[in-house]
Structures are given as structure tokens and as C-alpha cells.
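S.K.: here is a sequence with its predicted model. Questions after.
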Amino acid sequence: MKRALFAVTLVSAGLLALGPVFAAPPGVSTGASATETAGRSARQKQVNPPPPPPAPTAVYRITINIAFDTSTHPGTAPGNAHVSNPVIATHSIPGAMFVVGGFASPGIETMAELGRTDTLVPELNAKPQVGTVQVTGGLFGIGTRVVDVTLTHSDDMISMVTMLAPSPDWFIGFADLDMLGYGGWRQSASFPLNSYDAGTDSGPNFNSNDADTQPSETISGPRDPAFIASAGQNPFGTVSITRIG
């Protein structure tokens, strides 16, 4: 039962009138009722419903555009400039293919020095964090390669490498691109391919003879002046990734 308090009210006739004033019991808030609060919360959820969970898989088309010849890099690119067969991997955690600041694996070393994929592909397939591995055709000068990949919640990252040839141990690509964000699957991504030195050969020019680096250095961006100059002219290529399913 509500507790009645009596307040004295002065009326115009000069008489005093007693009127009841009700106060809430101790400990009870005088704010909005629980029913009002619940109703307001429900209305907010209707206006801003939570996003649906992302689909279990997403299919992406990867378009690799190579631009590496004497017209795109005048005075720095060798006359027979080309790239080796690009290797594309899907994986679950960063660093599955290579890590800048880490040492090149045998597969990355043979890819970067010789353009071969026969060591890198089985090396990647043996890793539990790698989902799929694909190899597409190499390119001379300017051209495009297209690869479709399927990503899952457990394999939502993409990495890619291809050798700049001829070169001591220089390659281009990207690592650890995550296509699954808090808002769901990304619809697209486009960016220039990065340039890397594998740290396994000390040749200073594109056409240098083999000069094995002992001990090996870590993977980095361009170190040698010839590579720095060429990479500074233009990107050696771009990649566009678009969700198609």
C-alpha cells in the first residue's frame, strides 16, 4: 500500500486544506517502469536489428594484372621481363605463406630465385592452416590471370606470390588478406602488388649471376638500388578481388 503524506495547501479563501501526496516506498525508482523500458528496447531492436550471420562460404574472383616491361619500367626493367606462375593460397591464420621480417622457407626461396613452384606447393599443402593452393600461368610483360577461390569461416585469408624474372630473389604478391570482417564477407578489394626481397641471394641487379646469401637475410621490401629504382617507377602489377558467390 502506498504511504500517504499530507501536505498543507493554502486556498484562496484563507482556509487550510489537507490533500494527500503519495511517495514511492523506499528503494523503488521513480523512473520509467520495467514495462516501459522493455518496450523501448524492443522498438530499438526493430529499428536496428542485428546483422545476419555471414554465409558459411564465399567465392571470389582474383584478377592479377601484371605490368612489368620496358614500357612500364623504362631504363630499369630487363628486356625479357616476366613473372613466374603465380601461387595463390587460402588459409586460416597470418603467416601461412611468408612473413615480412621472417626467413624465407625453401619453397619461397626456390620460387623467388628460380620461379619454380614444385617446392612451394607441397610445402603449403602440408600445413594444416592452409585450405587450398592454386597455380596459374606466368606472364611476359603485361597481361592478366584470373583465379577463383572459395573461402570459408576457417580459411578466410588469401596470399599470393610470383617471381620477378629475371632477378636474384625478388618477388611480388601479398600476404594475409582477410576477407571476413565483423560485418560479414567483404565484397571486393583492389590494391597494387607489393615488392619483396627474399633475402637469399645478394645479386644487385635483375640480370646478376647467382650470389647465395650466407647467412640468409629476412624477407623485406626492395634492398638493392636497382630494385628500389624500378619499384619506385610503377607498381609491377595490381590485384582485384571481387565476390561472385
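M.R.: That came through fine.

S.K.: please pull out the lowest mean pLDDT helix or strand from this protein.
M.R.: strand 3-10 (a mean of 36; mean pLDDT, DSSP states H and E).

S.K.: which parts of the helix or strand hosting Thr242 are buried?
M.R.: Using DSSP states H and E, Thr242 falls within strand 237-243. Buried positions in strand 237-243, judged by neighbour count with 16 or more other Cβ atoms under 10 Å: Gly237, Val239, Ile241. C-beta coordinates here come from the backbone N, C-alpha and C atoms, glycine included.

S.K.: can you pull out the residues in contact with that strand?
M.R.: 58-68, 83, 158, 160, 172, 174, 177, 179, 185-193 (Cβ atoms under 8 Å, 6 or more residues apart in numbering).

S.K.: only C-alpha atoms, please: export it in PDB.
M.R.: C-alpha atoms of strand 237-243 as PDB (Å, rounded to 0.1, in the frame of the first residue of the first chain):
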ATOM      1  CA  GLY A 237      51.100  -5.100 -61.000                       C
ATOM      2  CA  THR A 238      47.700  -4.900 -59.300                       C
ATOM      3  CA  VAL A 239      45.200  -7.300 -58.000                       C
ATOM      4  CA  SER A 240      41.400  -7.000 -57.900                       C
ATOM      5  CA  ILE A 241      39.300  -9.400 -55.800                       C
ATOM      6  CA  THR A 242      35.500  -9.500 -56.200                       C
ATOM      7  CA  ARG A 243      32.900 -11.700 -54.500                       C
END
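
S.K.: run the chain-centre distance for it.
M.R.: 12 Å (Cα atoms, centre = their mean, to the nearest Å).

S.K.: now swap in stretch 152-169 and tell me
M.R.: With Cα atoms, centre = their mean, you get 13 Å for stretch 152-169.

S.K.: for stretch 223-235, same thing?
M.R.: 25 Å.

S.K.: pLDDT of it, averaged?
M.R.: Stretch 223-235 carries an average pLDDT of 98.

S.K.: buried stuff in it?
M.R.: Asp224, Ala226, Phe227, Ser230, Ala231, Asn234, Pro235.

S.K.: again, but for stretch 180-192
M.R.: Leu180, Trp185, Arg186, Ala189.

S.K.: which residues does it contact?
M.R.: 51-52, 54-55, 58, 151, 153, 156, 174, 177, 179, 235, 237-243.

S.K.: that one spans what distance, first to last residue?
M.R.: 20 Å (Cα to Cα, to the nearest Å).

S.K.: quick one: the helices in the chain, in order.
M.R.: 34-47, 106-114, 120-125, 225-233 (DSSP state H).

S.K.: the second one packs against which elements?
M.R.: Packed against helix 106-114 by the contact rule (3 or more Cβ pairs under 8 Å, 6 or more residues apart in numbering; DSSP states H and E) you find helix 120-125, strand 157-165, strand 170-178.

S.K.: using CSV, lay out these together with distance to Thr110, mean pLDDT and mean neighbour count.
M.R.: As requested, the helices and strands packed on helix 106-114 are exported to CSV (distance: least, Cβ to Cβ, whole Å; pLDDT from 0 to 100; neighbours: other Cβ atoms under 10 Å):
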stretch, distance to Thr110, mean pLDDT, mean neighbour count
helix 120-125, 7, 99, 18
strand 157-165, 9, 99, 25
strand 170-178, 11, 99, 21
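
S.K.: Ser202 is nearest to which of those?
M.R.: Closest of these to Ser202 is strand 170-178, at 12.0 Å (criterion: Cβ to Cβ).

S.K.: ok, residues contacting that closest one?
M.R.: Under the contact criterion Cβ under 8 Å, 6+ apart, strand 170-178 has outside partners 83, 86, 94-100, 108, 111-112, 156-164, 189, 191, 193-198, 206, 222, 227, 236-237, 239, 241.
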